[in-house]
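K.L.:
Got a predicted structure plus its sequence, pasted below:
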Amino acid sequence: MAETTPESAYRVETANVAVEATAVIEVWSEALGHTERRPAKLAWFYAARGAGLAELFVLRHEGRVVGVTGIGQRRLMWRERTLDAAQMGDFAVDSRHRTLYPALLLQRAALEQGLARHVLLYGFPNAKSLPVVRRVGYRVLPGMARHARVLRSEAYLPGSWPRVLRHWSGLALDAVLGLRHATPLLGRQRVAWLDAPDERFDELWRRSHGQFDDCVLGVRDQAFLHWRFTLQRWRNTRFFVWLDDSGSRLLGYAACEAEGDVIHVHDFLVEQASARQVARMLRLLAAQARANGMRSLSLQCSGPRWLLAGVHAGGLRRREVSNQPMILAVAPGAPAGLDDACWYLTRADVDE
């Protein structure tokens, strides 16, 4: 049970990451779990950030750190504007101080600091945090839906069926689905896997981002992708790339991580803002994943209708909605219409 404590005993300060790393990690570990990766998260997102500035705020009670939250700078594009935004994350309060006032005090301080320096603040809190962030003043938006495609049907057929029946029925279903999604892939298609983004990703970003004027879109250049995926040591993300005939130009990429026999798409981008290109790249990726023994393909995203139509045409079906909703707060001087804009979102836009 959380202890009763005078409100005046709490204060919020900007953390000195080098000095208070141990205390911050202890609060995160107790409240959020995954103790083994908390030091790496602190170093990656706050201490050695390569995609803009980040700040960590600590809630103190009698000098002891009992709560933490942070914001990290993120460049967004919208209607040919570059927006200086910030992403909120890593909100945690010690269980002995988990009453409404300490949480509100910490969140309000981060929100005020964030909007004083950035045009908007956004984040993806867990469900338990939603009452607090709503009360502070964030809008809660639908967030991302999860989409999935079965690559090997046998694993999903009833376990009560005889093994031989499951095996041959699975092969038959896979053949039908494979034909359905292979038709647009006739002809030579060049694909490859990379361990890290290269300069071609900058070229793809320059060619593609101007087509997303109606969406808020986070910058996805080589520097960001390197920081977001290559330097995130507790994950093993590789880049599936779709190439032109010469092999010198990227037509699209998907940042992927294998978890057992499931391949997760954490981010993707295509050269042209069209459902056809999205579908084609996802079909190519699915074919590669199945050949490598994967049984399903999964991604979380949100965006304009053409993007979701391309995901559907690529063989993926919507499974879950808003298992990690998005919160948004917009500064008073922000461009008109920004608070109601469509967002292009993938797991690249989340803080882990």
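P.N.:
Done, it's in.
K.L.:
Name the next helix or strand following the longest strand along the chain along the chain.
P.N.:
In terms of residue count, the longest strand belonging to the chain (DSSP state E) is strand 64-78. In the C-terminal direction, the helix or strand that comes right after strand 64-78 (DSSP states H and E) is strand 81-93.
K.L.:
ok now that next one, how far from the chain's centre?
P.N.:
Relative to its chain's centre, strand 81-93 lies at 13 Å (C-alpha atoms, centre = their mean, to the nearest Å).
K.L.:
pLDDT averaged over that strand, what's the number?
P.N.:
For strand 81-93, mean pLDDT is 92.
K.L.:
How about stretch 233-242?
P.N.:
Regarding stretch 233-242, the rounded mean pLDDT is 92.
K.L.:
do stretch 258-278 as well
P.N.:
Average pLDDT, stretch 258-278: 94.
K.L.:
The closest residue to residue 335 other than its chain neighbours pairs with what?
P.N.:
In space, and not counting its chain neighbours, residue 335 is closest to residue 81: 6.6 Å by C-beta to C-beta, 6 or more residues apart in numbering. In short, each C-beta sits where N, CA and C put it, glycine included. Legend: beta-bridge partners of residue 81 under DSSP bridges are residue 78.
K.L.:
Hmm, residue 334 and residue 81 touching each other?
P.N.:
No: in terms of C-beta atoms under 8 Å, residue 81 does not count as a neighbour of residue 334; the distance is 10.3 Å.
K.L.:
who has more neighbours, the two?
P.N.:
Neighbour totals were compared for residue 81 and residue 334, and residue 334 leads with 16 against 12 (other C-beta atoms under 10 Å).
K.L.:
how far away is the residue lying closest to that one once chain neighbours are set aside from residue 308?
P.N.:
Of all residues beyond its chain neighbours, the one nearest residue 334 is residue 119 (4.9 Å), with distances taken as C-beta to C-beta, 6+ apart. Distance from residue 119 to residue 308, counting by C-beta to C-beta, to the nearest Å: 27 Å.
K.L.:
repeat for residue 341
P.N.:
Following C-beta to C-beta, the distance that separates residue 341 from residue 308 is 16 Å.
K.L.:
any idea how far residue 245 is from the residue lying closest to residue 338 once chain neighbours are set aside?
P.N.:
Closest residue to residue 338 apart from its sequence neighbours, by C-beta to C-beta, 6+ apart: residue 330 at 5.8 Å. Look at residue 330 and residue 245: by C-beta to C-beta, they are 44 Å apart.
K.L.:
Of those two, which one has the most company?
P.N.:
Neighbour count, other C-beta under 10 Å: between residue 330 and residue 245, residue 330 has more, with 20 against 10.
K.L.:
Run through the bridge partners of that one.
P.N.:
Note on residue 330: beta-bridge partners by DSSP bridges are residue 120.
K.L.:
list the contacts for it?
P.N.:
The contact partners of residue 330, by C-beta atoms under 8 Å, 6 or more residues apart in numbering, come to 115, 119, 120, 338, 339.
K.L.:
Recalculate using a threshold of 6 Å.
P.N.:
Neighbouring residues of residue 330 by C-beta atoms under 6 Å, 6 or more residues apart in numbering: 120, 338, 339.
K.L.:
How about residue 319?
P.N.:
Neighbour list for residue 319: 146, 148 [criterion: C-beta under 6 Å, 6+ apart].
K.L.:
Do a quick rundown of the helices in the stretch 51-200 of the chain.
P.N.:
Listed in chain order, the helices of the stretch 51-200 of the chain (DSSP state H, counting those that start in this stretch) span 100-117, 130-136, 163-182, 199-208.
K.L.:
How about the stretch 251-352 of the chain?
P.N.:
With helices called from DSSP H, counting those that start in this stretch, the stretch 251-352 of the chain shows them at 275-291, 305-313.
K.L.:
where does this protein have low pLDDT?
P.N.:
The chain contains residues with pLDDT under 70 at 1-7, 48-52, 153-188, 320-323.
K.L.:
Please parse it into its domains.
P.N.:
The chain breaks down by automatic domain parsing into domains covering 7-141, 145-321.
K.L.:
What is the neighbour count of residue 295?
P.N.:
18.
K.L.:
quick one: it and residue 259 touch, right?
P.N.:
No: look at residue 295 against residue 259 with C-beta atoms under 6 Å: they stay out of range, at 11.3 Å.
K.L.:
what is in contact with the two at once?
P.N.:
Joint contacts of residue 295 and residue 259 (C-beta under 6 Å, 6+ apart) do not exist.
K.L.:
Quick check: the gap between residue 279 and residue 97.
P.N.:
49 Å.
K.L.:
ugh, wrong one, I meant residue 277
P.N.:
Residue 277 sits 50 Å away from residue 97, going by C-beta to C-beta.
K.L.:
next one: residue 83
P.N.:
Remark: distance between residue 83 and residue 97 (C-beta to C-beta) = 35 Å.
K.L.:
for residue 148, same thing?
P.N.:
Separation of residue 148 from residue 97 (C-beta to C-beta) stands at 39 Å.
K.L.:
related to what we said a few turns ago, tell me the contacts of the residue nearest to residue 334?
P.N.:
Contacts of residue 119 by C-beta under 6 Å, 6+ apart are 83, 84, 331, 334.
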